[in-house]
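Undergrad: quick check, what structure comes out for this input:
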Amino acid sequence: MPRFINQTGASAIYNFIKSKGIKHVFGYTGGAVLPLTDKFHSYNNSKIKYIKNINELCVGHSAEGYAKVSRKPGIIITTSGPGVTNLITPLQNALSDGTPLIALSGQVSTNMIGTDAFQEAPSIELTKSCTKWNYRINDVNEIPDVMEHAYKVSMSGRKGPVFIDLPKNVLTETITSNQKRNYLSNIGLTSKIKKYKNTNIDDFINLLYVSEKPILYIGQGALEAVDEIRQFIKQTDIPFTTTIHGMGIGDETLYNSLHMLGMHGSVYANKAIQKADLIIAVGARFDDRTTGNLLYYAPKAKQASKENRGGIVHFDISASQIDKTVKTDLSFLGDCKHYFKEINYKVNKTNINIANWNKEVLNLKKNNPFTYTPSSKKLKVQEVVSEIYKYTRDKKPYITTGVGNHQMYTAQFYRWEEPGRIITSGSLGTMGFGLPSAIGVQLYKPDDLVILIDGDGSFNMTSNDLATVAEHKLPIKMFIMNDSRQQMVHIWQKLFFDKKYISTDNFNPDYNKLADAYGIKNIILQKNNIQDIEKNINLNEPVLINCIIEPDMCTPLVAPGKALDDMILSETDNKMVGDAPN
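TA: This next block holds a predicted model:
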């Protein structure tokens, strides 16, 4: 990178970020990182906007939201010490969900490391297990090569976060040469990949032809292969289901969409997986929330495997995921886009005989819809999500959530026609993710409708980031499902802990007064004014909608230790009504 010669370390980092076409970075500054944050000042004609969230936790989640919609690394710049420790949760969240981030942290000068200097922290040790790669730059001449490598690592294979520690003196010194090292050997990326069965696409297609009950199980790893996956669905008519991150990769309005599967997934998806003789997993990890008890998982597919007429097939870009939790019959390591291009070219629909299977699946879908019992007095989350869907379907919004019942209802009662439109925390289940991630999404998509559907418990964790919404006048529509309770955990205490309730009641602020304090328009939403959703959705300004909610049990529920198709369907024996869209 000769163009960085004679630049300071801080200037080289700024120019590298600029060269990647990134328009926003997220951070919280401090003494150790001031030489770098200074480069983003308007006095220096910066072309990149530095967004200061209210704290580093929010910084990280905003960068995650930005990365999820931009498909580029979210850039984080924080100071040393607590600036690093406060980033651990978003770094782990990004690692768990495969979100690319580059976190740049200030550090005390190299001659002070190890002296317990002010705001010194063992940043490399702290971030080693929650990143794909981390590195401390001790020589300014390493910067060009390290930054390029960090970018490649964050975006290669299963995407994820990297962390770079920047001693203060490195930021102010001048680059005199381009020093390169073999960083790959340092981080284990050249580790030997285990050998797989000698399989090819023809083996898979032949298995598809002999199976009678195939199902496509789609995860986030298929996001880059949307066109190919949709073509495969069209050519084969195979029913398909998704993880929460995979929703919208296949159009959920299609008759053969079984929507989300898993612990709070559809009855029909869970039952279909258990009945299927061939499970085709694409970019999915067989997470415990989607499999239930592994001892009882996929019994028909396992039997079909023994009889050479089906089984479990896995396409994934990460070698560590193959056979990690579920033993597969065929495994394809690499980019599923490449594989499905070849599959679509070779597959012959006339050889796929699944008419009876599709009828069975449609009956499952017809007879087991998502349902709820409306309240005569208060709104329910399902009702609010259904209304949001009615008013926003044609607008194709981006919807972010926190974690809890509201997250599951958003997955259940919104129909996802395009990929990557739900932005949420999956594997780590991080409460507080919703609001700051919505900020990141709205900054990258300034002309799109961005909606936050949050629970009061999740919202309380990062509600102070309303300051960032107000400062930048971001027109996010923020729905808070206010039932004064952490309802998902409350239900678990009811079902599995003999109604011994503890630590699940929320002492909430007056959310409308809180919004007033930030100068944000707000309303209270109740039964008698639910139609106000439409006019507030269309306003070109931030709006906080305080939804007064009656607590409810989120069903279906696959209880811990149970099979995927062994579901709790209602809290009582009363008939449940109020269907979600099919």
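
Undergrad: in what helix or strand does the residue lying closest to residue 534 once chain neighbours are set aside lie?
TA: Distances taken as Cβ to Cβ, 6 or more residues apart in numbering put residue 391 closest to residue 534, at 4.7 Å, once the chain neighbours are dropped. Bear in mind the C-beta positions are built from the backbone N, C-alpha and C, glycine included. Secondary structure assignment for residue 391, by DSSP states H and E: helix 381-392.

Undergrad: which residue sits farthest out from the middle of this protein?
TA: residue 176 (40.9 Å; Cα atoms, centre = their mean).

Undergrad: domain assignment for the protein?
TA: Residue ranges for the structural domains of the chain, counted by automatic domain parsing, are given in the record as 2-187, 201-367, 381-551.

Undergrad: of all these, which lies closest to residue 559?
TA: Checking these against residue 559 by Cβ to Cβ gives domain 381-551 as the closest, at 7.3 Å.

Undergrad: in the stretch 251-400 of the chain, mark out all the strands, start to finish.
TA: The residue ranges that make up the strands of the stretch 251-400 of the chain, judged by DSSP state E, counting those that start in this stretch, are 257-260, 278-282, 311-316, 330-333, 398-401.

Undergrad: what packs against the third one?
TA: Put plainly, it is strand 311-316. Taking 3 or more Cβ pairs under 8 Å, 6 or more residues apart in numbering; DSSP states H and E as contact, the helices and strands that strand 311-316 lies on are helix 201-210, strand 278-282, helix 299-306, strand 330-333, helix 336-346.

Undergrad: verify the stated contact: residue 418 with residue 394.
TA: No: shown here, residue 418 and residue 394 do not form a contact pair, counting by Cβ atoms under 8 Å, at 11.9 Å.

Undergrad: out of these two, which sits in the more crowded spot?
TA: Set side by side, residue 418 and residue 394 show more neighbours around residue 418, with 13 against 6, by other Cβ atoms under 10 Å.

Undergrad: so residue 146 is in which element?
TA: For residue 146, the enclosing helix or strand under DSSP H and E is helix 143-155.

Undergrad: which SSE is immediately downstream of that helix?
TA: Past helix 143-155, further along toward the C-terminus, the next helix or strand under DSSP H and E is strand 161-167.

Undergrad: what residues of that following strand count as buried?
TA: Within strand 161-167, the residues that qualify as buried are 161, 162, 163, 164, 165, 166, 167, counting by 16 or more other Cβ atoms under 10 Å.

Undergrad: following element in sequence after the longest helix along the chain, please.
TA: The single longest helix within the chain, with elements called by DSSP state H, is helix 56-70. Past helix 56-70, further along toward the C-terminus, the next helix or strand under DSSP H and E is strand 74-78.

Undergrad: distance from the chain centre to that following strand, please.
TA: When distances are taken as Cα atoms, centre = their mean, to the nearest Å, strand 74-78 is centred 18 Å away from the chain's centroid.

Undergrad: give me the number of residues near residue 227?
TA: By the other Cβ under 10 Å criterion, the neighbourhood of residue 227 contains 12 residues.

Undergrad: now residue 529
TA: 11.

Undergrad: how about the one 4 residues further on?
TA: For residue 533, the number of neighbouring residues by other Cβ under 10 Å comes to 21.

Undergrad: show me the contacts for it.
TA: For residue 533, the contacting residues are 384, 387, 388, 391, 525, 545, by Cβ atoms under 8 Å, 6 or more residues apart in numbering.

Undergrad: highest neighbour count among the residues you listed?
TA: Per-residue neighbour counts (other Cβ under 10 Å) across the contacts of residue 533 peak at residue 545, which has 27 neighbours.

Undergrad: give me the phi and psi for it.
TA: Backbone torsions of residue 545, given as degrees, to the nearest 10, read phi -110, psi 110.

Undergrad: so residue 150 versus residue 76, what's the distance?
TA: For residue 150, the distance to residue 76 equals 12 Å [Cβ to Cβ, to the nearest Å].

Undergrad: ok, these two, which is more surrounded?
TA: Counting neighbours by other Cβ under 10 Å for residue 150 and for residue 76 shows that residue 76 has the greater number, 30 against 26.

Undergrad: which strands or helices does the strand or helix carrying residue 226 pack on?
TA: Using DSSP H and E, the secondary-structure element containing residue 226 is helix 226-236. Packing contacts for helix 226-236, counted by 3+ Cβ pairs under 8 Å, 6+ apart, involve strand 214-218, helix 336-346.

Undergrad: now mean pLDDT too, for these, in JSON lines please.
TA: Written out in JSON lines, the entries for these read as follows (pLDDT from 0 to 100):
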{"stretch": "strand 214-218", "mean pLDDT": "98"}
{"stretch": "helix 336-346", "mean pLDDT": "95"}
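
Undergrad: kindly compare burial across the ones you listed and name the winner.
TA: Among the helices and strands packed on helix 226-236, judged by mean count of other Cβ atoms under 10 Å, the one packed with the most neighbours on average is strand 214-218 (a mean of 27).

Undergrad: that strand pairs with which strands?
TA: strand 240-242 (parallel), strand 278-282 (parallel) (DSSP bridges).

Undergrad: which one of those lies nearest to residue 261?
TA: Counting by Cβ to Cβ, and looking across all of those, nearest comes strand 240-242 at 4.4 Å.

Undergrad: now find how far off-centre the closest one is within its chain.
TA: Per Cα atoms, centre = their mean, the centroid offset for strand 240-242 relative to its chain is 17 Å.

Undergrad: and stretch 125-138, C-alpha only, in CSV?
TA: Extracted in CSV, the C-alpha atoms of stretch 125-138 (Å, rounded to 0.1, in the frame of the first residue of the first chain):
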residue,chain,number,x,y,z
GLU,A,125,-6.8,-11.3,25.9
LEU,A,126,-10.4,-9.9,26.4
THR,A,127,-11.4,-10.0,22.8
LYS,A,128,-9.6,-13.2,21.6
SER,A,129,-12.5,-15.5,22.1
CYS,A,130,-15.2,-13.2,20.8
THR,A,131,-13.6,-12.3,17.5
LYS,A,132,-12.5,-14.1,14.3
TRP,A,133,-9.1,-12.4,14.7
ASN,A,134,-7.5,-9.8,17.0
TYR,A,135,-4.2,-8.0,16.8
ARG,A,136,-2.2,-5.3,18.5
ILE,A,137,-0.2,-3.0,16.2
ASN,A,138,3.2,-2.3,17.7
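
Undergrad: who's in contact with that stretch?
TA: Under the criterion Cβ under 8 Å, 6+ apart, residues 9, 84-85, 87-88, 91-92, 95, 103, 107, 110, 123-124, 143, 146, 149-150, 153-154, 160-167, 170, 183, 186-187, 189 lie in contact with stretch 125-138.

Undergrad: where does the prediction get shaky in the chain?
TA: Within the chain, the stretches with pLDDT under 70 are 1-2, 182-199, 572-582.

Undergrad: now with 50?
TA: Filtered on pLDDT under 50, the chain yields the residue ranges 1, 185-196, 573-578.

Undergrad: quick one: the residue nearest to residue 362 when sequence neighbours are not counted and residue 418, what's the gap?
TA: What sits nearest to residue 362 in space, not counting adjacent residues and going by Cβ to Cβ, 6+ apart, is residue 255, at 6.8 Å. Applying Cβ to Cβ, the value for residue 255 to residue 418 is 18 Å.

Undergrad: ok, now residue 170?
TA: Relative to residue 418, residue 170 is positioned 43 Å away (Cβ to Cβ).

Undergrad: wait, residue 209 touches residue 351, no?
TA: Yes: the pair residue 209 and residue 351 qualifies as a contact (Cβ under 8 Å) at a distance of 4.5 Å.

Undergrad: report the contact partners of residue 35.
TA: 8, 9, 10, 168, 171, 172.

Undergrad: wait, I meant residue 51
TA: With the criterion set at Cβ under 8 Å, 6+ apart, residue 51 makes contact with 24, 25, 26, 27, 62, 439, 443, 468, 472.
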